[in-house]
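Q: sequence-free structure coming up:
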């Protein structure tokens, strides 16, 4: 008895091009062109993820973060030493919880870093916990 005819053929998914992602297309259509591309907030306290306090891998800082959320919802942490990394354990919901009603909007990451002192000029500096100079 031949076994090649016992399996039913599987459905073949339609071919899509790399630029034809329906989720990305829906997101682009639902967001106005003038919507902010980057939102940020300062987080002066330590950030703990799954019970572990976040530490900058470059300088060892444990608090005073610039938290960045971009349009796809990725969250990045940036230290005063200008080291920045994507933190996959943090989500847009976590960012919203840190900012409350909103963060400050900027046209570019370079403008953010320069304006709020996360461009490396204040490397090794901890500001007071209440945020006053």
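A: Yep, that arrived. Keep in mind that what you see is a predicted model, and the values were worked out from it rather than measured. Residues are numbered from 1 along each chain as shown.
Q: quick one: residue 37 and residue 69, what's the gap?
A: For residue 37, the distance to residue 69 (C-beta to C-beta, to the nearest Å) stands at 10 Å. C-beta coordinates here come from the backbone N, C-alpha and C atoms, glycine included.
Q: Neighbour count: the two, which is higher?
A: It is residue 69, of residue 37 and residue 69, that has more neighbours when counted by other C-beta atoms under 10 Å, with 23 against 13.
Q: Wasn't the more buried one part of a strand?
A: Yes: in this structure, residue 69 lies within a strand as judged by DSSP: H, G, I helix; E, B strand; the rest coil.
Q: quick one: low-confidence ranges for the chain?
A: Flagging of the chain using pLDDT under 70 yields the residue ranges 1-20, 23-36, 101-106, 127-133.
Q: Repeat the analysis, applying 90 as the threshold.
A: Residues of the chain that meet the criterion pLDDT under 90 lie in 1-44, 68-73, 92-93, 95-133.
Q: Please, where are all the strands along it?
A: Chain-ordered strands for the chain, with DSSP state E as the definition, fall at 38-43, 48-49, 52-53, 65-70, 75-78, 84-86, 104-106.
Q: other SSEs contacting the first one?
A: Read it as strand 38-43. Strand 38-43 is packed against strand 65-70, helix 92-99, strand 104-106, helix 109-116, with contacts defined by 3 or more C-beta pairs under 8 Å, 6 or more residues apart in numbering; DSSP states H and E.
Q: so what strands line up beside it?
A: Sheet partners assigned to strand 38-43 using DSSP bridges are listed as strand 65-70 (antiparallel), strand 104-106 (antiparallel).
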